[in-house]
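In: sequence first, then the predicted structure:
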Amino acid sequence: MIYKIRAMIAVGLLFLLLGNKLFSFGFSEKERDTVNLQTFLVSDFGDGEDQNKKIVWKGRFSRFAKPVNLDEPNSPPDPNACKLSYVESKPLGLPQEVDAKQKFCLGIKAQYIKKGYNWIEIYPAVRSEGASEKDTTDKDAKETNISLPGVVKSLDMWVWGGNYDYWLEFYILDYKGFLHRLPAGDISYVGWRNLRTKMPDYIPQAEHHVPFVKPLKLIMIKLWSYPTERVDQFYCYFDYMQVQTDVYMERFNGDDLANNIW
């Protein structure tokens, strides 16, 4: 009897793990394994895509960030030591049609007063009316998130490393309201590299009811320092983030009503 119970539990767990995968796009047995993989730009960090969406990237720094006044406990980070800024530069290796449109990348720098697991949160915000497209200090910009199309298979971004002992994470929100931390690897190297992160199968991106697809949302990018790393300086640059995603959707009679919200 106990073996039957264990077998039923195992089957139930397998169903939970595979349920979202079976119904990603196709609801019929014939169409479940059909895929249409495409690549979509998420952010170009200051160029045309972000400007069209009125997105500006801003930053938050951990408690040991170098303050304006060392004698004041609640002194904010020194803007000359800890800041984000758009810089005219781009990595080599972008496709020709992409390279022609790229001009800016996002620069991040930081200083700390104590060693430890110091961090920097880089998040998207909607710039305020009248603010410059490159103003990362826009105080009226409202924090937002970026919706990722289709069922995401992987996410990649160009990251410039200065051989600092840091690692990078993406924070992803699913439709059930759970926040997932996806490690993208260490950035203790020199120059530009394209870092790719596979989207785990356990993150739900679809359900059994119409509309099937439940898009993920990018909440922020986070940099962490290893506690042995120097604290007097840190530099890093981001450019051209994109997703590889399955956008196949099985057609059915009345599919125009699938995403109709009323």
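Out: Sure thing, it's come through.
In: can I get stretch 98-118 as CSV, trimmed to CA atoms?
Out: The C-alpha atoms that make up stretch 98-118 are tabulated as CSV, following Å, rounded to 0.1, in the frame of the first residue of the first chain:
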residue,chain,number,x,y,z
VAL,A,98,22.1,46.3,-34.6
ASP,A,99,25.6,47.9,-34.4
ALA,A,100,24.4,50.8,-36.7
LYS,A,101,21.7,51.8,-34.2
GLN,A,102,23.8,51.4,-31.0
LYS,A,103,25.5,54.4,-29.5
PHE,A,104,25.2,54.3,-25.7
CYS,A,105,25.7,51.8,-22.9
LEU,A,106,24.9,52.1,-19.2
GLY,A,107,27.9,52.7,-16.9
ILE,A,108,27.8,51.8,-13.2
LYS,A,109,30.4,52.8,-10.6
ALA,A,110,30.6,52.4,-6.8
GLN,A,111,32.7,52.8,-3.7
TYR,A,112,32.2,51.3,-0.3
ILE,A,113,33.5,52.0,3.2
LYS,A,114,33.5,48.3,4.4
LYS,A,115,34.1,44.9,2.8
GLY,A,116,31.2,42.5,2.6
TYR,A,117,28.5,41.3,0.2
ASN,A,118,27.9,44.8,-1.1
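In: for it, buried residues please.
Out: With burial defined by 16 or more other Cβ atoms under 10 Å, the residues of stretch 98-118 counted as buried are 102, 104-112, 118. Bear in mind the C-beta positions are built from the backbone N, C-alpha and C, glycine included.
In: out of these, who's nearest residue 82?
Out: Comparing these against residue 82 with Cβ to Cβ picks out residue 110 as the nearest, at 4.8 Å.
In: where does the stretch 101-250 of the chain have low pLDDT?
Out: Low-confidence regions of the stretch 101-250 of the chain, defined by pLDDT under 70, span residues 248-250.
In: let's go with 80 and repeat that
Out: Counting by pLDDT under 80, the low-confidence segments of the stretch 101-250 of the chain come to 207-212, 247-250.
In: pick the one among the buried residues of stretch 98-118 closest to residue 40.
Out: residue 102 (16.2 Å).
In: helix or strand for the closest one, just tell me which one.
Out: Of the helices and strands defined by DSSP states H and E, none includes residue 102.
In: for the closest residue in space to it that isn't next to it in sequence, what are its contacts?
Out: Excluding the flanking residues, the one nearest residue 102 by Cβ to Cβ, 6 or more residues apart in numbering is residue 90, at 4.4 Å. Residues counted as contacts of residue 90 (Cβ atoms under 8 Å, 6 or more residues apart in numbering) are 99, 102-105, 239-240.
In: inside helices: which ones of the residues you listed?
Out: With helices defined by DSSP state H, the entries of the contacts of residue 90 inside them are residue 99.
In: show me what residue 223 is bridged to.
Out: As for beta bridges, residue 223 partners with residue 120, residue 168 under DSSP bridges.
In: check residue 109 too.
Out: For residue 109, the beta-bridge partners under DSSP bridges are residue 83, residue 235.
In: Validate this expectation: residue 51 resides in a helix.
Out: Yes - with DSSP: H, G, I helix; E, B strand; the rest coil as the criterion, residue 51 is located in a helix.
In: which SS state does the residue nearest to residue 146 when sequence neighbours are not counted fall under?
Out: Of all residues beyond its chain neighbours, the one nearest residue 146 is residue 218 (4.4 Å), with distances taken as Cβ to Cβ, 6+ apart. Using three-state DSSP, the secondary structure recorded for residue 218 is strand.
In: and for residue 218, the neighbour number?
Out: As a burial measure, the neighbour count of residue 218 was computed by other Cβ atoms under 10 Å and equals 22.
In: right, I'll leave it there.
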